[in-house]
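Student: A predicted structure for the sequence below; I have some questions about it.
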Amino acid sequence: MAAPSAPPPGSLPNPFQNPELRANPYPLYATLRASNPVFRVPLPFEGPGVVILSRHADVESMLRDGRVSVDRLRADVAQRFRAFLPPQFLGEAGPTRSMLMLDGADHTRVRGLVNKAFTPRRVAALEGRIRGIVDGLLDAVRSDGAMDLMHDLAEPLPAIVIAELLGVPAEDHRQFKQWAADLVNALGAGGPLARGPGFDAAFEALMGYLSGVIEERRASPREDLISGMIAAQQDRDALSDAELLANSFLLLIAGHETTTNLIGNGVVALLRNREQWERLRADRELLPNGIEELLRYDSPVQATVRVPTEDIPLGDEMLPTGALVVCLIGAANRDPEAYEEPDRLDVTRDRVQHLSFGFGQHFCLGAGLARLEARVVLDALLEHAPNLALTRDEVEYRPNPLLRGPSTLPVSF
């Protein structure tokens, strides 16, 4: 395909560079839903382009439709701007071989291997270990009377848990957490397709680190997920080397990034709606439902994308083959057609059918683990820090608008 007759992607407009919009994107979402729910992004070239969906029904429809692909590189806009994409995403050993970007039989094959580590029974068995980690992290700051909830609790907990599941040394969690943060923040700091400084170094460092762990497990297998994937690869050729590395990378990143943001966003929402905090404190049985409401109210994943493999009618609109369809999960979760008073936090809300973990065959593999970690954290805070409070009104959010969460969160006990 010919090179794009368009400005470099780093110079394309990115409204989420505005700190105020990063802090609260929901008024913009409401405007989109009301005025242009199937929004075609103006681009300086012909083609299927980019379409943004903001209604709950439309987003859910896309996520369950078998005529769409999760492979972003199949989109026309990705092909046009291929030269500007991170080269690490284009190689055979890159994240494109992870289950997140695989369709059909390939996705089923890879997901089936990993799913064994995330069954409800296996996840439930982790509760004692998770409580021990949370208690230790809180004990380390309790005498200070204050902490940065992100740095001291929301970031290390999920990183340690996923490290132990994968078979990555848990004492390295600060290092790979930093690499992951550098990757995520670099992808959100520039224009829609640009990557900021630090991305290349963090990517190479993290991939090199995981490659070393994989080689260690080949030589000395253990009872962990990486060893299990290696055994499957050797026994029945179930994974290629590229898929093994790509899915280890995905699990390490996704296994803590979204849970970190769920905890951070959830605490912010509860402390800004104090009556909801007090309701949970008075009745801890509400926690599971409350976590579903927190996921709906301020989703840690604000959007995902799909690419139609054929023209798909959507009401009076047509989504063309090859379009990059952005499904605004954050907007769908606040749709008044799906939820009564959607901008109100209510931990007793009935039937919270949010889309924060996706929908259909690509429903988040680690949803049960994320829910468990969030429940244990909130239970511990409600018990041991009942007077928890934000120490400043403004919350600073990370630069990547798709993975939404505070970058820092000072609180006092």
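Tutor: Happy to help now that I have it. Because the structure is a prediction, the values reported are computed rather than measured.

Student: Would you map the helices across the stretch 151-300 of the chain?
Tutor: 156-166, 173-189, 199-219, 225-236, 241-272, 274-282, 287-297 (DSSP state H, counting those that start in this stretch).

Student: need those helices in CSV with distance to Val352 and mean neighbour count, can you?
Tutor: All C-beta atoms are positioned from the backbone trio N, CA, C, and that covers glycine. Shown next, in CSV, are the helices of the stretch 151-300 of the chain (distance: least, CB to CB, whole Å; neighbours: other CB atoms under 10 Å):
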stretch, distance to Val352, mean neighbour count
helix 156-166, 22, 23
helix 173-189, 27, 20
helix 199-219, 34, 16
helix 225-236, 30, 18
helix 241-272, 13, 23
helix 274-282, 14, 16
helix 287-297, 4, 22
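
Student: would TSV of these with distance to Asp71 and mean pLDDT be doable?
Tutor: Converted to TSV, those look like this (distance: least, CB to CB, whole Å; pLDDT from 0 to 100):
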stretch	distance to Asp71	mean pLDDT
helix 156-166	24	90
helix 173-189	18	77
helix 199-219	19	88
helix 225-236	21	82
helix 241-272	13	90
helix 274-282	40	97
helix 287-297	26	98
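
Student: Leu324: which of the ones you listed is closest?
Tutor: Distance to Leu324, taken as CB to CB, is lowest for helix 173-189 among the helices of the stretch 151-300 of the chain, at 15.5 Å.

Student: Please put the alpha-carbon coordinates of that closest one into PDB.
Tutor: Listed next in PDB are the C-alpha coordinates belonging to helix 173-189 (Å, rounded to 0.1, in the frame of the first residue of the first chain):
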ATOM      1  CA  HIS A 173       8.300  -6.800  40.800                       C
ATOM      2  CA  ARG A 174       9.400  -3.200  41.300                       C
ATOM      3  CA  GLN A 175      11.700  -3.500  38.200                       C
ATOM      4  CA  PHE A 176       9.200  -5.100  35.800                       C
ATOM      5  CA  LYS A 177       6.400  -2.800  37.100                       C
ATOM      6  CA  GLN A 178       8.600   0.200  36.200                       C
ATOM      7  CA  TRP A 179       9.200  -1.300  32.700                       C
ATOM      8  CA  ALA A 180       5.500  -1.800  32.300                       C
ATOM      9  CA  ALA A 181       4.700   1.700  33.400                       C
ATOM     10  CA  ASP A 182       7.200   3.100  31.000                       C
ATOM     11  CA  LEU A 183       5.600   1.200  28.100                       C
ATOM     12  CA  VAL A 184       2.000   2.100  29.000                       C
ATOM     13  CA  ASN A 185       2.800   5.800  29.600                       C
ATOM     14  CA  ALA A 186       5.000   6.100  26.500                       C
ATOM     15  CA  LEU A 187       2.200   4.900  24.300                       C
ATOM     16  CA  GLY A 188      -0.200   7.400  25.800                       C
ATOM     17  CA  ALA A 189       2.000  10.500  25.900                       C
END
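
Student: For the protein, which segments count as strands?
Tutor: 38-40, 50-53, 68-69, 146-148, 303-308, 312-314, 317-319, 324-328, 389-390, 410-412 (DSSP state E).

Student: And the ones you listed: which comes nearest Glu337?
Tutor: Nearest of the strands of the chain (CB to CB): strand 50-53, 13.3 Å.

Student: show me what contacts the closest residue in space to Leu43 that isn't next to it in sequence?
Tutor: Counting by CB to CB, 6 or more residues apart in numbering, Leu43 lies nearest to Gly49, which is 5.0 Å off, once chain neighbours are set aside. If you count contacts by CB atoms under 8 Å, 6 or more residues apart in numbering, Gly49 has them with Arg40, Val41, Leu43, Asp76, Val77, Ala323, Leu324.

Student: pLDDT check: weakest of those residues?
Tutor: Within the contacts of Gly49, Leu43 has the lowest pLDDT, namely 87.

Student: that older thread, include distance to Leu378 and mean neighbour count when you put the strands of the chain into JSON lines, please.
Tutor: Shown next, in JSON lines, are these (distance: least, CB to CB, whole Å; neighbours: other CB under 10 Å):
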{"stretch": "strand 38-40", "distance to Leu378": "35", "mean neighbour count": "16"}
{"stretch": "strand 50-53", "distance to Leu378": "31", "mean neighbour count": "23"}
{"stretch": "strand 68-69", "distance to Leu378": "35", "mean neighbour count": "21"}
{"stretch": "strand 146-148", "distance to Leu378": "15", "mean neighbour count": "18"}
{"stretch": "strand 303-308", "distance to Leu378": "25", "mean neighbour count": "23"}
{"stretch": "strand 312-314", "distance to Leu378": "38", "mean neighbour count": "15"}
{"stretch": "strand 317-319", "distance to Leu378": "39", "mean neighbour count": "18"}
{"stretch": "strand 324-328", "distance to Leu378": "26", "mean neighbour count": "24"}
{"stretch": "strand 389-390", "distance to Leu378": "15", "mean neighbour count": "14"}
{"stretch": "strand 410-412", "distance to Leu378": "13", "mean neighbour count": "17"}
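
Student: and the helices of the stretch 151-300 of the chain as TSV, adding distance to Ala34?
Tutor: TSV is the format used below for those (distance: least, CB to CB, whole Å):
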stretch	distance to Ala34
helix 156-166	36
helix 173-189	26
helix 199-219	36
helix 225-236	44
helix 241-272	23
helix 274-282	27
helix 287-297	19
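
Student: Among those, which comes closest to Arg404?
Tutor: That would be helix 241-272 among those, by CB to CB, at 6.0 Å.

Student: Run the angle between that closest one and helix 287-297 for me.
Tutor: 100 degrees (axes from the mean of the first three to the mean of the last three CA atoms, to 10 degrees).

Student: from the contacts of Gly49, which is closest to Gly167?
Tutor: Distances from Gly167 to those, taken by CB to CB, are shortest for Leu324, at 35.4 Å.
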